[in-house]
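Enquirer: Below is the structure, and that's it, no one-letter string:
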């Protein structure tokens, strides 16, 4: 088929990436309906979310080397096809095993697409505008990822609240979006030359930059832990702690927390990694403090404002981490190196689900959330201190 220009391909790939991440977050406000349908408790919600993370990590371990060896478009197309298969499973197998399988497939798709899509966007931008830096591509990549994650709960929450078949229609709508994404991807130009050879694991950067690389990966973990708090647990806090049972409201609150991360990427796109990291370090504790205060006082407004602040800070933290890893990565192994960042980051999605679930048994949900906020702030401060003392070259790149 005829191909588009690299500039048009850039937009098409960003839309396809957003479609995959949107589909991955659709179940967020629906878990209470799954619990009612399949008769399982809150512990099983942690299991469902954990199998999603396992799928993501599996996809990330597979995709980096495949995208460098086979090309970008085949891997992205495979990711969208797997996400489409997950939608089919959700529709045709309405039982707990189907939910588990669907979440594994959905996570696998997100893992397959994350690093190759980011690399693809960087390369398309370089081909379309060779005289400009890749900061715009990094912002669009992160915004497509986080924007899709934010739109999924809003879409499913609205449909679950006001449309029929709340456990069917969201996945049919998502399937239509994925088919559109596949059609858009077909005409995007390829940027990688397929190469023979055995796949390799995602490598670390040169040993001289290891401290900056590890700190950036851990920064990604903290950012995704914040995303996991809103993607998995905000509906639970709204329903069980604050007393709000609207599916649309659950989707909206998750969208605010996650969408602010994408919006921060666009609004503060000119911030250098060092300044973005400093801004995130100052803002995230404030946002988490508002979230905790909202839960303890029963204030929905504080909870939402805190979510917006913490989400924006997490978005800045993720972009600072992504930019640093891109700058320290060899060009010919960028997809595999970015996979290492996303593996660490997406592993952080399981931290609030599993950690808060276990801590709630000991300290209650309010105490567990307060402990999560304190530990997150301490971890972020430690990462920032290490990152700002990194090797001279990494320090220069971050300014």
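Expert: Arrived safely, thanks for sending. Model, not experiment: these values are computed from the prediction.

Enquirer: Only C-alpha atoms from now on, for both contacts and neighbour counts.
Expert: Will do.

Enquirer: count of neighbours near residue 235?
Expert: Neighbours of residue 235 under the rule other C-alpha atoms under 10 Å: 28.

Enquirer: Spatially nearest residue to it (excluding sequence neighbours)?
Expert: The shortest distance from residue 235 to any non-neighbouring residue, by C-alpha to C-alpha, 6 or more residues apart in numbering, is to residue 250 (5.0 Å).

Enquirer: Which strand or helix spans that neighbour?
Expert: Per DSSP states H and E, residue 250 falls inside helix 247-267.

Enquirer: buried sites along that helix?
Expert: Neighbour-count burial for helix 247-267 flags 247-265 (criterion: 16 or more other C-alpha atoms under 10 Å).

Enquirer: And stretch 274-291, by the same measure?
Expert: If you call a residue buried by 16+ other C-alpha under 10 Å, then stretch 274-291 has these buried ones: 274, 276-281, 283-291.

Enquirer: got a list of what residue 307 touches?
Expert: Listed by C-alpha atoms under 8 Å, 6 or more residues apart in numbering, the contact partners of residue 307 are 230, 253, 256-257, 287-288, 290-291.

Enquirer: Okay, it and residue 21: tell me how far apart.
Expert: To residue 21, residue 307 is 20 Å away according to C-alpha to C-alpha, to the nearest Å.

Enquirer: picking up where we left off before, looking at the helix holding residue 250 now, give me its mean pLDDT.
Expert: On average, the pLDDT along helix 247-267 is 85.

Enquirer: What of stretch 386-399?
Expert: For stretch 386-399, mean pLDDT is 56.

Enquirer: Residue 308 reaches residue 254, doesn't it?
Expert: No: Residue 308 is beyond contact range of residue 254, at 9.5 Å (criterion: C-alpha atoms under 8 Å).

Enquirer: re the thing from before, packing partners for the helix holding residue 250?
Expert: In terms of contacts (3 or more C-alpha pairs under 8 Å, 6 or more residues apart in numbering; DSSP states H and E), helix 247-267 is packed against helix 135-162, helix 234-236, helix 300-328.

Enquirer: Give me the distance from it to the chain's centre.
Expert: 12 Å (C-alpha atoms, centre = their mean, to the nearest Å).

Enquirer: how far off helix 135-162 does it point, in degrees?
Expert: With axes from the mean of the first three to the mean of the last three C-alpha atoms, to 10 degrees defining the directions, helix 247-267 sits at 170 degrees from helix 135-162.

Enquirer: ok, then the element right after helix 247-267?
Expert: The helix or strand immediately downstream of helix 247-267 is helix 273-297, counting by DSSP H and E.

Enquirer: So which residues make contact with that following helix?
Expert: Applying C-alpha under 8 Å, 6+ apart, the external contacts of helix 273-297 come out as 237, 241-242, 299-314, 316-317, 319-321, 323-324, 366, 369-370, 373, 377, 380-381, 384, 388, 398-399.

Enquirer: hmm, which helix or strand of this protein has the shakiest average pLDDT?
Expert: The weakest-scoring helix or strand in the chain, judged by mean pLDDT, DSSP states H and E, is helix 392-398 (a mean of 47).

Enquirer: returning to what we had before: would you format the contacts of residue 307 as TSV with distance to residue 32 included?
Expert: Shown next, in TSV, are these (distance: C-alpha to C-alpha, whole Å):
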residue	distance to residue 32
230	15
253	15
256	20
257	19
287	26
288	24
290	25
291	21
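
Enquirer: how much space between the residue nearest to residue 302 when sequence neighbours are not counted and residue 372?
Expert: Nearest non-adjacent residue to residue 302, counting by C-alpha to C-alpha, 6+ apart: residue 294, 4.6 Å away. Taking C-alpha to C-alpha as the measure, residue 294 falls 15 Å from residue 372.
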